[in-house]
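In: Quick check, what structure comes out for this input:
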Amino acid sequence: MDQPPHESRDSTTPFPKESDTNLSYVSQRKTKIEKSLQSLETLTDMDFHMKSARSNSKRSSLSSNSLTKSRHPILVFLDRTKEAIMASYVFKATLLVLGDDRTKILLWYLVMVSMHVIVTTVYVTSIWVVMPGIWVYNFLQLFVIIACLIAHGSAGSLSRIVQISIASGDIVRGRMTLPQLADFWTSGKRAPAYRVMTITRYVETIAILILIGSSIFFSWIDIESKIATGLCQPSIYENQSLPAGIDINQFVQGGIDYAEVYNYGLPFGDGLVGGWAGWPMSNPTNSFQIKGDGPVYVVQVLCDNGAPNPNIDYGIYTHIDSLLLSEDERGFMLRMTITYPANSVFDDVYNIYQNSSIVQDCTMLLTVSHGQITFHFDADQWEMITNGQIVDIMSPQQEFYAKQPSSISQYTAEAHRGFVMYEDKFQVLTLLKDAVLKAFKNASYAPSQGATFCNMLSEGTMPDGFYHTDTTFRGVATAVGAAAHFALMQFSATVPPVHCDYYGIKGSGMLHIPSSAIYMSAAGSVIACLMKAFEILWWFMSQNGIELHAYRRARRVFRHPLRLAIDAAELMVSGMDAGDREEDICDITTTKAIEELGEPRIVFGEDLVTREMEKGHLRIGEYGKVKSILKEKEYGTYKPSKHSEWEEFTWH
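Out: Sure thing, here's the model as predicted:
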């Protein structure tokens with residue numbers, strides 16, 4: 001059936017029917033296509049290409065102009081600056097050095113070692129460094145964990161570079177098999193350097209866990225720090241003897257009733273050392289300290305074993321008599337004879353309780369000097385300040401230092417050596433000798449608190465309620481220290497007060513870490529660093545004889561696992577062909593192909609087919625079927641970018 005002729009219509013013409021519209025549209029498209037084909041036939045190939053090129057050039061020019069006009073001048077300036085920097089010789093040379101495997105390995109190793117050293121240093125210095133607040137404790141725990149994670153990450157990056165480097169060298173020299181290449185991507189047991197990497201990784205991980213675990217054992221110890229500067233009464237003495245009418249015997253024994261040895265001095269293995277720093281005239285807190293220069297006395301006592309003497313009987317009294325043996329401008333020596341009442345002494349020589357009086361002789365040497373003393377005071381709610389306790393004592397030039405509670409392991413000979421070169425600066429020797437002789441020359445002391453012993457020598461007793469001949473020196477040293485301390489408390493009240501520093505607990509403190517944790521952390525860090533050093537040395541030795549240009553190309557191939565997969569697939573062809581010969585078609589599997597292929601050595605090099613061509617093709621093939629990579633020859637379609645140094649630097 002013939003189609004009706006096509007008629008044009010204007011806007012006033014009514015729309016045709018649907019069938020007419022379709023026919024009219026097809027006719028119009030057919031006419032346009034025929035005209036286009038006719039016009040193309042009239043053009044030569046050269047005209048077509050010139051017209052297309054002009055069109056593309058025009059569009060490109062318009063696009064470039066519009067892009068340039070739309071960009072901000074600052075962005076254009078930054079891009080030009082970036083290009084200038086990246087094109088400079090210094091920048092490229094720097095990137096070449098930093099992008100080298102040796103540089104990267106060294107930098108990662110230095111980061112790892114630095115983190116281990118920093119963490120170990122934190123552990124060691126925290127033993128003696130005073131910190132401003134407990135926030136440091138929390139910060140250091142977080143810091144240690146972060147530093148350990150950085151060290152662990154650095155070790156991992158180092159191992160990854162070493163492993164890729166060794167794999168690149170092995171595949172260039174034909175020392176790798178196809179199963180080893182497969183295990184390289186899955187970190188399998190046959191991957192190159194697997195054993196060394198596994199051992200060093202385990203050792204380093206254990207060291208990191210020890211470091212992090214040690215931080216869990218951190219504990220906080222509050223430390224006295226300066227809280228104020230106030231007034232205090234200095235250690236100035238105008239009298240050379242005790243004031244008249246003072247019964248020192250009752251004062252001293254009454255004080256010892258409720259005192260500790262620290263009130264009078266620091267206990268030593270054969271005596272004590274004490275002193276006085278000054279009296280506080282304010283109480284900034286209910287517990288504080290004062291540090292200052294003051295008189296120091298060293299008391300050394302040596303006693304015999306004692307002997308029973310039933311002919312002497314002072315009843316319930318403990319009798320003490322003293323004889324001055326020698327004296328000089330620095331001290332004096334006494335022989336003190338102590339008579340204990342019956343049934344009050346345990347004889348440590350015979351291990352029996354003596355039922356008669358015991359006489360024991362002791363020699364006491366008191367030496368006077370001066371030094372730096374720290375006293376601790378407590379104040380109650382009525383602002384009453386107690387007499388305080390000695391915290392530490394130090395000689396003027398720090399030759400000697402003692403503090404509680406560690407002073408018990410020291411001896412007075414150390415104190416004598418530390419203070420013997422310093423004179424009696426505060427002129428208290430005569431005052432101390434007067435107090436000691438009045439307290440212990442022909443004096444008797446009755447028991448108190450329902451005990452069988454007098455409290456004057458209570459430090460010489462044991463919890464069983466008896467004197468012990470082995471510990472008599474403790475009671476004598478404490479009693480002499482109490483008398484000396486009583487004398488030093490007679491400072492002049494008419495001297496104007498001076499400024500001194502008050503110390504107390506104000507948030508400062510120290511970290512306490514068990515010694516075992518420090519030793520384990522240090523040992524773990526050292527072993528981990530040595531293992532990584534061995535890994536680097538092993539890598540360095542494995543790089544001998546590798547041509548750099550071939551090594552870099554092989555390393556670049558490891559960036560593209562798909563490339564390796566394609567080359568490996570070509571190697572599988574022989575295995576598949578071998579499987580093809582099996583009687584059962586089901587045996588033609590990848591597993592069977594791998595079994596048939598075996599473990600031939602593979603090499604990354606130039607394909608034999610392209611050896612004589614201008615451009616070669618690099619691939620992974622069986623040993624003997626590829627040739628070594630030539631330095632000056634071009635291979636494949638790979639061309640280094642304008643900033644190849646940057647690519648080398650940023651690739652891991």
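In: Make sure I have this right: Ala528 is in a strand.
Out: No - counting by DSSP: H, G, I helix; E, B strand; the rest coil, Ala528 is not found in a strand; it is helix.
In: residues contacting it?
Out: 112, 116, 155, 203-204, 206-208 (C-beta atoms under 8 Å, 6 or more residues apart in numbering). From N, CA and C alone the C-beta is placed, and that goes for glycine too.
In: In those, find the pair that's most separated.
Out: Within the contacts of Ala528, Met112 and Ile206 form the most distant pair, 14.6 Å apart (C-beta to C-beta).
In: of the two, who's got more company?
Out: Met112 (24 against 13; other C-beta atoms under 10 Å).
In: Next up, phi/psi of the closest residue to the more buried one other than its chain neighbours, please.
Out: Once flanking residues are discounted, Met112 sits nearest to Ser154: 4.1 Å by C-beta to C-beta, 6 or more residues apart in numbering. Ser154 adopts backbone torsions of phi -60, psi -40, taken as degrees, to the nearest 10.
In: got it, and Val130?
Out: Torsion angles, degrees, to the nearest 10, at Val130: phi -90, psi 130.
In: mind checking the SS state of the residue lying closest to it once chain neighbours are set aside?
Out: Using C-beta to C-beta, 6+ apart and skipping residues adjacent in sequence, the residue nearest Val130 is Ile223, 5.2 Å away. With three-state DSSP as the basis, Ile223 sits in strand.
In: do you know how far Ile223 is from Val391?
Out: Ile223 is 11 Å from Val391, where distance means C-beta to C-beta, to the nearest Å.
In: domain parsing for the chain?
Out: 18-70, 95-218+517-650, 227-504 (automatic domain parsing).
In: what's the next secondary structure element after the host helix or strand of Leu181?
Out: Element membership for Leu181 (DSSP states H and E) is helix 178-186. As assigned by DSSP H and E, the chain's next helix or strand after helix 178-186 is helix 194-216.
In: Mind giving me the packing neighbours of that next one?
Out: helix 101-125, helix 134-173, helix 515-542 (3 or more C-beta pairs under 8 Å, 6 or more residues apart in numbering; DSSP states H and E).
In: what do you get if the cut-off is 6 Å, keeping everything else the same?
Out: helix 134-173, helix 515-542 (3 or more C-beta pairs under 6 Å, 6 or more residues apart in numbering; DSSP states H and E).
In: Any chance of these in a markdown table with mean pLDDT and distance to Gly213 as columns?
Out: A markdown table is the format used below for the helices and strands packed on helix 194-216 (pLDDT from 0 to 100; distance: least, C-beta to C-beta, whole Å):
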| stretch | mean pLDDT | distance to Gly213 |
| --- | --- | --- |
| helix 134-173 | 87 | 10 |
| helix 515-542 | 88 | 8 |
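In: Export those helices as a markdown table, with columns for distance to Cys454.
Out: Output for the helices and strands packed on helix 194-216, formatted as a markdown table (distance: least, C-beta to C-beta, whole Å):
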| stretch | distance to Cys454 |
| --- | --- |
| helix 134-173 | 46 |
| helix 515-542 | 43 |
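In: got the contact list for Gly271?
Out: 299-301, 412, 477 (C-beta atoms under 6 Å, 6 or more residues apart in numbering).
In: Pull up the gap between Pro234 and Cys500, please.
Out: For Pro234, the distance to Cys500 - C-beta to C-beta - is 8 Å.
In: what's the answer for Val603, then?
Out: Counting by C-beta to C-beta, the gap from Val603 to Cys500 is 83 Å.
In: Arg611 now?
Out: Look at Arg611 and Cys500: by C-beta to C-beta, they are 93 Å apart.
In: Likewise for Ala379?
Out: Distance, Ala379 to Cys500, by C-beta to C-beta: 16 Å.
In: between the two, who's got more neighbours?
Out: Neighbour count, other C-beta under 10 Å: between Ala379 and Cys500, Cys500 has more, with 22 against 17.
In: helix or strand for the more buried one, which one?
Out: strand 498-512.
In: Averaged pLDDT, that strand. What do you get?
Out: Strand 498-512 comes out with an average pLDDT of 84.
In: With stretch 233-253 instead?
Out: 84.
In: If you count neighbours, what's buried in that stretch?
Out: 233-235, 237, 242, 248-249, 251-253 (16 or more other C-beta atoms under 10 Å).
In: what sits up against it?
Out: 276, 278-279, 294-295, 426, 428, 430-431, 434-435, 438-439, 443, 445, 455-456, 482-483, 486, 491-492, 495, 497-498.
In: now swap in stretch 430-439 and tell me
Out: 240-242, 248-249, 252, 332, 480, 483-484, 487.
In: Which single one of these is nearest to Arg80?
Out: The closest of those, once distances to Arg80 are taken by C-beta to C-beta, is Ala484, at 85.3 Å.
In: any idea how far Thr337 is from the nearest residue to Ile150 once chain neighbours are set aside?
Out: In space, and not counting its chain neighbours, Ile150 is closest to Met115: 5.1 Å by C-beta to C-beta, 6+ apart. When distance is defined by C-beta to C-beta, Met115 is 67 Å away from Thr337.
In: middle-most residue in this protein, spatially?
Out: Centroid-nearest residue in the chain: Val119, 1.9 Å away (criterion: C-alpha atoms, centre = their mean).
In: Can you give me the distance of it to Ser515?
Out: 16 Å.
In: got the angle for the lengthiest strand in the chain vs strand 498-512?
Out: Secondary structure of the chain read by DSSP state E shows that its longest strand is strand 358-378. Counting by axes from the mean of the first three to the mean of the last three C-alpha atoms, to 10 degrees, strand 358-378 lies at 100 degrees to strand 498-512.
In: could you dump strand 358-378 to CSV, C-alpha only?
Out: Extracted in CSV, the C-alpha atoms of strand 358-378 (Å, rounded to 0.1, in the frame of the first residue of the first chain):
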residue,chain,number,x,y,z
ILE,A,358,71.4,-6.7,134.8
VAL,A,359,74.2,-4.2,134.3
GLN,A,360,75.1,-3.2,130.8
ASP,A,361,77.8,-0.7,129.7
CYS,A,362,77.4,1.5,126.6
THR,A,363,79.8,4.0,125.0
MET,A,364,78.1,7.0,123.4
LEU,A,365,79.8,9.5,121.0
LEU,A,366,77.9,12.7,120.2
THR,A,367,79.2,14.9,117.3
VAL,A,368,77.9,18.3,116.4
SER,A,369,77.8,20.0,113.0
HIS,A,370,75.2,21.8,110.8
GLY,A,371,73.3,20.9,107.6
GLN,A,372,70.0,21.0,105.8
ILE,A,373,67.1,19.5,107.8
THR,A,374,63.5,18.9,106.7
PHE,A,375,60.9,18.7,109.5
HIS,A,376,57.3,17.5,109.2
PHE,A,377,54.7,19.2,111.3
ASP,A,378,51.0,18.5,111.9
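In: Report the next helix or strand after that strand in sequence order.
Out: Sequence-wise, the next helix or strand downstream of strand 358-378 (DSSP H and E) is strand 389-394.
In: one step back: for the residue nearest to Val130, give me its contacts.
Out: 130, 508-510.
In: mind running it again at 10 Å?
Out: Shown in contact with Ile223 (C-beta atoms under 10 Å, 6 or more residues apart in numbering): 130-131, 503, 505-510.
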